[in-house]
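Novice: My questions are about this predicted structure, shown below with the sequence.
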Amino acid sequence: MPHVVIQYTPNVEADMDALCRDLAASLLEQKEEDGSQLFPPGGTRVLAYPAAHFAVADGKQDYAFVYINVKIAEGRSAAAKTRAGDAMMEKVKARFASLFAKRLIGITLQIEESPGQVYDAKHNNLHPLFKK
């Protein structure tokens with residue numbers, strides 16, 4: 001982890017591939033208070049999906065919406081989580097600045113911790129690529 005899922009209305013005219021790369025880079029730039037990396041490169045995933053169906057606000061206009069859910073494992077300080085969230089939101093604002101200026105759009109970014117997981121299975125060969 002972190003795993004980021006972006007859901008958006010299909011009337012969002014933006015480069016979602018670039019947003020995914022921006023958010024992944026932002027997460028990988030984050031540091032713990034001791035300077036170590038906050039999130040593992042091999043566990044960082046960002047996925048984006050347009051909504052097949054949607055209703056935003058009162059539906060009287062062609063409103064747009066982007067929801068960004070960031071799931072992380074426990075163990076990071078509140079300050080580190082806030083820094084990560086602020087950094088990601090700055091990337092989001094920059095990526096959507098021109099769209100925000102010309103259309104009505106809501107953007108939400110939430111970070112959720114996965115405390116007390118009941119089941120968490122992993123199978124990958126990505127982590128060894130980043131261990132030195």
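Specialist: Thanks, I have it. Residues are numbered from 1 along each chain as shown.

Novice: all contacts plus neighbour counts: C-alpha atoms, from now on.
Specialist: Will do.

Novice: which secondary element of this protein has the worst mean pLDDT?
Specialist: Every helix and strand of the chain was ranked by mean pLDDT, DSSP states H and E. The lowest is helix 127-130, at a mean of 73.

Novice: Using PDB, write out every CA atom in that helix.
Specialist: C-alpha atoms of helix 127-130 as PDB (Å, rounded to 0.1, in the frame of the first residue of the first chain):
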ATOM      1  CA  HIS A 127       8.800  -5.400  -3.900                       C
ATOM      2  CA  PRO A 128      12.100  -7.100  -4.600                       C
ATOM      3  CA  LEU A 129      12.700  -4.700  -7.500                       C
ATOM      4  CA  PHE A 130      13.000  -1.800  -5.000                       C
END
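
Novice: by contact count, what packs against the helix or strand where Glu90 lies?
Specialist: Taking DSSP states H and E as the definition, one finds Glu90 inside helix 78-102. Packed against helix 78-102 by the contact rule (3 or more CA pairs under 8 Å, 6 or more residues apart in numbering; DSSP states H and E) you find helix 16-29, strand 105-113.

Novice: Pick the most buried one from these.
Specialist: Counting by mean count of other CA atoms under 10 Å, helix 16-29 has the highest mean neighbour count of the helices and strands packed on helix 78-102, with a mean of 17.

Novice: what sits up against that one?
Specialist: Residues from elsewhere that reach helix 16-29, judged by CA atoms under 8 Å, 6 or more residues apart in numbering: 37-41, 44-48, 84, 87-88, 91-92, 95.

Novice: And for stretch 94-112?
Specialist: Contacts of stretch 94-112 (CA under 8 Å, 6+ apart): 12-14, 19, 62-72, 81, 85, 89.

Novice: Figure out how far it is from the centre of its chain.
Specialist: From the chain centre to the centre of stretch 94-112 is a distance of 13 Å (CA atoms, centre = their mean, to the nearest Å).
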